[in-house]
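A.B. asks: Okay, predicted coordinates and the sequence, questions at the end:
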Amino acid sequence: VSQQELESDSSDGSLLFESVFEKITKAGNSNSLHEIYTELYIMMEETGEVNKEHEIRQIEKASWQPGTLKAAIICENIFKASPGGDEPIRTVMTKGVAGIGKTVLTQKFTLDWAEDKANQDIQFTFPFTFRELNVLKEKKFSLVELVHHFFTETKEAGICSFDQFQVVFIFDGLDECRLPLDFPNTEILTDVTESTSVDVLLTNLIRGKLLPSARLWITTRPAAANQIPPECVDMVTEVRGFTDPQKEEYFRKKFTDKEQASRIISHIKTSRSLHIMCHIPVFCWITATVLKDVLKTREGGELPKTLTEMYIHFLVVQSKLKNIKYHGRSERDPHWSPESRTMIESLGKLAFEQLQKGNLIFYESDLTDCGIDIRAASVYSGVFTEAFKEVRGLYQDKVFCFVHLSVQEFLAALHVHLTFFNSGVNLLSEATWWSELFRDKSKFSRLYQIALDKALESPNGHLDLFLRFLLGLSIESNQTLLRGLLTQTGSCSDTNQKTVQYIKKKISENLSPEKSINLFQCLNELNDRSLVEEIQQYLRSGILSTEKLSPAQWSALVFILLSSEKDLDVFDLKKYSASEEAFLRLLPVVKASNKAILSGCNLTERSCETLSSVLSSHLRELDLSNNNLRDSGVKLLSAGLESPHCIIQRLRSCEALSSVLSFQSSSLRELDLSKNNLLDSGVKVLSAGLESQHCRLETLSLSYCVVTEEGCASLVSALRSNPSHLRELDLSYNHPGDSGVKLLSAGLEDPHWRLDTLRVDHGGPQRVRPGPTKYACELELDTNTVNGNLKLSDNNRTVTRVRATQGFVPTQYDKQVPMDCWSELLCRKALTGHCYWEVEWRGDVHISVIYRRIRRKRDSEECLFGKNDQSWRLSCSDVLGYSVWHNNRQKSISFPSHSSPSPSSLYVDCPAGTLSFYSVSSDTLTHLHTFNTTFAQPLYPGFRICPGSSVSLCRL
Ligand SMILES: Nc1ncnc2c1ncn2[C@@H]1O[C@H](COP(=O)(O)OP(=O)(O)OP(=O)(O)O)[C@@H](O)[C@H]1O
């Protein structure tokens, strides 16, 4: 394949173009590529060593703005350096899952170039596939000979050196490579005319020793990418498949009949999992084939939900078409005739045996071995036109391949399944790979376990898809779809359960993300209901830290979550990972939910633009409390709320939403702004919105919003103007003062006002002090935990430890707890939400929070506060100063300059898992230490008091 230089030598330039085109159509698309090509979403992933930081920022930028395709790369620009990066790009690696369109992409690139539409600086483009190169495993070539062998035009034109030209080599399908690419041990080769094996040529080309001026483009499925050392790759891109509009475009191009296209598109949209699956082009193609048939015979009907189901439908359609075309049968006749059954069996055998050997192109002899008559082979390829084909042209011998690798993987799995079902032979059995070892049909679970082990062992993931299909075939409903081909159905739910358990065990074994994700896909094929929890657990437990997941892996997880068919009614981000990264990556899942709980997830203003786009989705309820969105972020969010497509009805926590309330189409009925530092000024702005005639808010919660009587006055004035909607107003934990309460209570009595519920409890001046003090709560000591060593006074607010000699009278409690814990006592009520309290102390005391069920062993120190993982303590001592303790780990803290002993305070934010200790001096808080954790159980304040010491709960 060449261009101008070659064209000038050739009398007919169009011949060269035809050569490109012929090669491309031969590779599988009988339609003109231009007619069917639909733009794909490609983006930069991480890079090799070059310009790494810059790239990372690019990715961040792109992923922070999902929905926009800012960092999307179009096919013709694949070699263009990234914006801002000056380094020329020699080697690009494009990753993408099976069938995502990598091959088509390389074909499109080549065709555009050959037609003079792009990349005119390139003089030669040589597209290779690893599949073709594998066949040359035993042969020797120089680089020039290799090019001449595949692109005979270059030989005819007498071109024997390429270093004065701009040359692009494309190597498609690294995952299909069966050549030993041994980078560390392959000898260096620099001479393009020296003959050697193909793997040595490739290794040297890729590491830049051979023809360093050439550019290289390698495509691969993700699991096989690591065969090439990262330092040999300048840029990594990832094909993400079709976006929603691109999916539609695909079907519109595929079906020239507009009405048929629309019908198919709307049909696909009725199934969430199918619609999601169609982001992968090969599924679009299969879906198109299947639906064309399904919709012809019946309107509606069940649509395939899993990968296996889809391929089964595909096979059935193929068989039906064959019957009609070649045997003159009608659509309604049974589609599995004895001859089509035999054919599938033979094709399955071929698919499996060749997959095991790593062959994707087969010779006549391979076909004969599987009982396929060579003379009939062309009929086979004609019969199952969409499944199996003959590769013509390049090779002396006739060669064949499946139309797509995934079809081979499916038929291989079907073969293993059929063989085990029909004869009890386990083709995967370890001892003799091919032979019959197990003849016991009850050993299905053993078959699946071996398949799982084999797939996990494979370094390039070449059995991943096979495994998914094999497990998919174990589902009874899938077997029913194959009735006629399978003589019997029946899988045992017990077997499936065992397989599910085995998969879960494997997931927990520290696998690579790629492998774990494939196992999630397997659970999906098995319709496992616990899949979503499994993923949550996987992310939350940190088996895999979310930072380590690549964007591609995130999108795989999103894909699984969305296609799991599990009801996504409530999305709670904390169940996955309370981080902004996780939020942005899981955005499509948020959008598909009805209610999203994003509280306490460290979201900042940079999430807001994205959040704003979420608001026009299915979402009806959004909880954003306890984040750090700031005004700028909230402004962005407000824009989203104003969108006429926004159907949010309930929103928690975000400031300055005044304009939203007054927006004409606002559907907001409930607004919860609790625990925001709104202040009177914020309430005033809010009131401006509230008084608008368009505002139809029914419930407003402003508890803990630092509101005084001034704020109340503006609320009252707003409600006077627009009294007929608001029913409930929560102003608890503020400081409305007497006058504020009076004004609002008058409203309650006013017949024009709709207000019927007003909360103004727990008010007071402390609620409007800055800092955590506004969360002041009342503690109450649990007198049942007080032993004979401790003396209560001041209405049970002060505890003093009497010395042993001062007459110790054991209580019931003393008999239950160990000696050392005698001087510890607890508060009665568990803490909830945000809590702040202060204590005055004297002597040596420990101020703690604990889980109430700390193991209390008489002879163990472990039970002491701070000595275990169930309690957190601040030790305060006149002499020794402060220290904090948790899980028997201690950290000393020097006395703040102002103090020697002053009251200490504690602030706990239970949902966010933070616990802060302060020292208090004339209303100033000095931060001592903060613990960040996740509280797994209710927390109780507790104290330990040393002899001669005391603690008093302060009144706030
Ligand atoms: N951009 C596209 N426009 C239209 N159809 C496409 C496009 N990309 C892929 N397809 C369809 O999907 C099929 C599979 O694509 P392709 O062979 O390029 O995938 P792949 O990523 O190379 O897969 P694998 O890793 O399994 O080899 C194509 O045969 C074609 O039908």
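C.D. replies: Done, it's in.

A.B. asks: Can you name every helix or strand that the helix or strand residue 552 falls within contacts?
C.D. replies: Taking DSSP states H and E as the definition, one finds residue 552 inside helix 551-563. If contacts are counted by 3 or more C-beta pairs under 8 Å, 6 or more residues apart in numbering; DSSP states H and E, helix 551-563 sits against strand 235-241, helix 272-277, helix 513-525, helix 531-540, helix 580-585, helix 587-591. In this view, the C-beta of every residue, glycine as well, is placed from N, C-alpha and C.

A.B. asks: which parts of stretch 453-466 are buried?
C.D. replies: 454, 455, 456, 458, 460, 461, 462, 463, 464, 465, 466 (16 or more other C-beta atoms under 10 Å).

A.B. asks: Over to the last one. Which of the three states is it?
C.D. replies: Read it as residue 466. Secondary structure, DSSP: H, G, I helix; E, B strand; the rest coil: residue 466 is helix.

A.B. asks: Enumerate every residue touching it.
C.D. replies: By C-beta atoms under 8 Å, 6 or more residues apart in numbering, the contact list for residue 466 reads 355, 409, 412, 413, 451, 455.

A.B. asks: If we only consider these, which is nearest to the ligand?
C.D. replies: Comparing those against the ligand with C-beta to the nearest ligand atom places residue 409 closest, at 8.5 Å.

A.B. asks: In contact with the residue lying closest to residue 765 once chain neighbours are set aside, which residues?
C.D. replies: Leaving out its chain neighbours, the residue that sits closest to residue 765 by C-beta to C-beta, 6 or more residues apart in numbering is residue 735, at 5.6 Å. With contact set as C-beta under 8 Å, 6+ apart, residue 735 has these partners: 706, 707, 708, 709, 763, 764, 765, 767, 768.

A.B. asks: Any chance of a markdown table for these, columns distance to the ligand, secondary structure and neighbour count?
C.D. replies: Shown next, in a markdown table, are these (distance: C-beta to the nearest ligand atom, whole Å; DSSP: H, G, I helix; E, B strand; the rest coil; neighbours: other C-beta atoms under 10 Å):
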| residue | distance to the ligand | secondary structure | neighbour count |
| --- | --- | --- | --- |
| 706 | 56 | coil | 22 |
| 707 | 57 | coil | 26 |
| 708 | 62 | strand | 20 |
| 709 | 65 | helix | 19 |
| 763 | 63 | coil | 21 |
| 764 | 65 | coil | 15 |
| 765 | 67 | helix | 11 |
| 767 | 60 | helix | 23 |
| 768 | 61 | helix | 19 |
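
A.B. asks: of those, closest to residue 37?
C.D. replies: Using C-beta to C-beta, residue 706 is the member of the contacts of residue 735 that lies nearest residue 37, at 59.1 Å.

A.B. asks: That closest one reaches residue 674, doesn't it?
C.D. replies: No - Residue 706 is beyond contact range of residue 674, at 11.3 Å (criterion: C-beta atoms under 8 Å).

A.B. asks: Just after the helix-or-strand element of the chain with minimal mean pLDDT, pick out the following helix or strand.
C.D. replies: The helix or strand of the chain with the lowest confidence, counting by mean pLDDT, DSSP states H and E, is helix 52-64 at a mean of 31. The helix or strand immediately downstream of helix 52-64 is strand 72-73, counting by DSSP H and E.

A.B. asks: What average pLDDT does that following strand get?
C.D. replies: On average, the pLDDT along strand 72-73 is 76.

A.B. asks: Give me the subset of the contacts of residue 466 that also touch the ligand.
C.D. replies: Checking the contacts of residue 466 against the ligand by C-beta under 6 Å from any ligand atom, not one of them is in range.

A.B. asks: Dump these to TSV, plus distance to residue 945, secondary structure and pLDDT.
C.D. replies: Formatted as TSV, the contacts of residue 466 follow (distance: C-beta to C-beta, whole Å; DSSP: H, G, I helix; E, B strand; the rest coil; pLDDT from 0 to 100):
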residue	distance to residue 945	secondary structure	pLDDT
355	73	helix	86
409	70	helix	91
412	72	helix	94
413	69	helix	95
451	63	helix	92
455	61	helix	91
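
A.B. asks: Okay, and the residue in the stretch 801-950 of the chain positioned nearest to the ligand sits in which element?
C.D. replies: Residue nearest to the ligand within the stretch 801-950 of the chain: residue 934 (40.3 Å; C-beta to the nearest ligand atom). For residue 934, there is no helix or strand it lies in under DSSP H and E.

A.B. asks: and it, what pLDDT?
C.D. replies: Residue-level pLDDT assigned to residue 934 equals 80.

A.B. asks: So which bits of the protein are right by the ligand?
C.D. replies: So the chain meets the ligand at 28, 36-38, 40, 96, 98-104, 173, 221, 250, 281-282, 285, 404-406 (C-beta under 6 Å from any ligand atom).

A.B. asks: and with 5 Å instead?
C.D. replies: By C-beta under 5 Å from any ligand atom, the residues of the chain that approach the ligand are 36-38, 40, 98-104, 221, 281-282, 285, 405.

A.B. asks: Do a quick rundown of the strands in the stretch 151-300 of the chain.
C.D. replies: 167-172, 196-197, 215-220, 235-241 (DSSP state E, counting those that start in this stretch).

A.B. asks: hang on, isn't residue 202 packed against residue 181?
C.D. replies: Yes - in this structure, residue 202 is within contact of residue 181 by C-beta under 8 Å, at 6.4 Å.

A.B. asks: Run a quick neighbour tally on residue 790.
C.D. replies: 22 (other C-beta atoms under 10 Å).

A.B. asks: That one bridge partners, please.
C.D. replies: Beta-bridge pairing of residue 790 under DSSP bridges involves residue 801.

A.B. asks: now it: how far from residue 585?
C.D. replies: Residue 790 sits 52 Å away from residue 585, going by C-beta to C-beta, to the nearest Å.
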